[in-house]
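> Sequence and computational prediction follow.
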Number of protein chains: 2
Amino acid sequence: MTKVDRRIKRTQRLLGDSLIALMLEKGYENVTIKDITEHADVAYVTFFRHYKDKDELLTARLNELITELAERINELAQAEIGEAAIQIAFEHARDNQQLYRVLFSSPGTVRVREELKTIYAERLIQTCAPRAPEGSVIPFEIAANHIAAATFELIHWWLKHDMPYSTQKMGRIYLELVERATWQALQITETEPYSES
Amino acid sequence: MTKVDRRIKRTQRLLGDSLIALMLEKGYENVTIKDITEHADVAYVTFFRHYKDKDELLTARLNELITELAERINELAQAEIGEAAIQIAFEHARDNQQLYRVLFSSPGTVRVREELKTIYAERLIQTCAPRAPEGSVIPFEIAANHIAAATFELIHWWLKHDMPYSTQKMGRIYLELVERATWQALQITETEPYSES
DNA sequence: AAATTATGACACATCGTATATCATAACTCT
DNA sequence: AGAGTTATGATATACGATGTGTCATAATTT
């Protein structure tokens, strides 16, 4: 294990912090490398000595946050899925509002979001699939993906509309619209008759 | 109703077709305006006489695609084939597979996707909101957004996994997981007791 | 046939990305 | 503490993409 040069750590930290700060300020796409290096008070050329492009810096800088979020998701999936857990998620989104906003709205972060969604869905499959009913019309993989996507979407909608409802209310909505609705849909088997409401 | 100049229609068609062709070839982000105009055999400046940027062209072209989809649904509905509208959507996705894939996976198309989702949600609000029950726990705006997002997500999942189920099966899944599930969740009112499954 | 207008060709400005070189300062290692 | 190593800053430069302006010409409309 080779020791990392102090200057390298310093530069990379400055660049990473600057990207985050500028993203919150003007959005990922609108941040230029020149912006980053100026904000970090580092020579323009230095950027390319560390990263190939903006995406590489974002990924590197976001890795720790992804881990934190993954842990949070892990908690949520492992916990007996209930009101408390999902409310914590909304609270977390509210507390890290700006960052969540950027992550949801910046095109450049799509890959990261997809990754998170997949991780969430896979955890759901591992923890909940055994309890799912046999012979459902809906493959559990689809249901898990649906839940993961719908959850993110709900948080996204909430932030996009400036949090018009309380975290309690959103937790309730999540329970009914996403969790309970999906679970009930899973109960439907091939042989079960389909009747209109 | 003013008549549209033939040259305008010709140019816009050429530009739109070129963008689609190049997207499928190298991905949306990697297509330059110069690429488009060269492929269309049109002067570079002409692009800006019609569109502000790439996004605007893509949106315009996708609107045509949606119109086409809507027409197909109308035709088949009139022909009384008894095929659910959603199934036609899955068939449309299958037939225009490459385009849908690019649309779903290219980071650059996020804004356009968001726009499409909003349009879909708003349409749902206009057409279905009057029939929604009073005093639901779930605001109809959220339900509409949920349906729109979940529908896109379902198609996305299906294409991403190389269409492992038939369009009939996917239509059924959509009906249960998205439409029926959401509608039933909307029935829940504040006063209604909440019981665990 | 005349008026209108979309287009092509060319020039040009601006901006962001990316690389090369070299002196200097900061750091590591012994 | 000193010698060797290496990251950085400054500068120059090339390149590609976006975007605007002008004017003659060709296509279209009325």
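Cool, the structure landed. Numbering: from 1, shown residues only, chains lettered A, B, ... in the order given.

> rest of the way, CA atoms for contacts and neighbours
Noted.

> Can you pull out the low-pLDDT segments for chain A?
For chain A, the stretches with pLDDT under 70 are A:1-2, A:64-70, A:72-84, A:191-197.

> Flag every residue of it that's near DNA strand C.
By the rule Cα under 7 Å from any atom of the strand, the part of chain A lying against DNA strand C is A:2-7, A:32-34, A:45, A:48, A:52-54.

> Which of these fall in strands?
Within those, no residue falls in strands by DSSP state E.

> I'd like those residues as TSV, with neighbour count and distance to chain B appended.
Converted to TSV, the residues of chain A next to DNA strand C look like this (neighbours: other Cα atoms under 10 Å in any protein chain shown; distance: Cα to the nearest Cα, whole Å):
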residue	neighbour count	distance to chain B
A:Thr2	4	37
A:Lys3	5	37
A:Val4	8	34
A:Asp5	8	35
A:Arg6	8	35
A:Arg7	9	34
A:Thr32	13	16
A:Ile33	17	18
A:Lys34	14	21
A:Val45	11	24
A:Phe48	11	21
A:Lys52	10	17
A:Asp53	11	14
A:Lys54	20	14
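
> tell me the two of the residues you listed that are most distant?
A:Thr2 and A:Thr32 (32.2 Å; Cα to Cα).

> returning to what we had before: show me the residues of chain A next to DNA strand C that map onto helices.
A:Arg6, A:Arg7, A:Ile33, A:Lys34, A:Val45, A:Phe48, A:Lys54 (DSSP state H).

> Which ones among these also lie next to DNA strand D?
Within the set of those, contact with DNA strand D (Cα under 7 Å from any atom of the strand) is found for A:Arg7, A:Val45.

> Columns distance to B:Ala70 on top of the ones in helices among the residues of chain A next to DNA strand C, output as JSON lines?
As requested, these are exported to JSON lines (distance: Cα to Cα, whole Å):
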{"residue": "A:Arg6", "distance to B:Ala70": "61"}
{"residue": "A:Arg7", "distance to B:Ala70": "59"}
{"residue": "A:Ile33", "distance to B:Ala70": "43"}
{"residue": "A:Lys34", "distance to B:Ala70": "46"}
{"residue": "A:Val45", "distance to B:Ala70": "52"}
{"residue": "A:Phe48", "distance to B:Ala70": "48"}
{"residue": "A:Lys54", "distance to B:Ala70": "40"}
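
> Between the two ends of stretch A:131-149, how far is it?
End-to-end distance for stretch A:131-149, by Cα to Cα, to the nearest Å: 21 Å.

> Hmm, I typed the wrong one, I wanted stretch A:151-167.
13 Å.

> what do you get for stretch A:36-45?
11 Å.

> what does that stretch rub up against?
With contact meaning Cα atoms under 8 Å, 6 or more residues apart in numbering or on different chains, stretch A:36-45 is reached by A:Thr11, A:Leu14, A:Leu15, A:Asp17, A:Ser18, A:Leu19, A:Leu22, A:Ile33, A:Lys34, A:Phe47.
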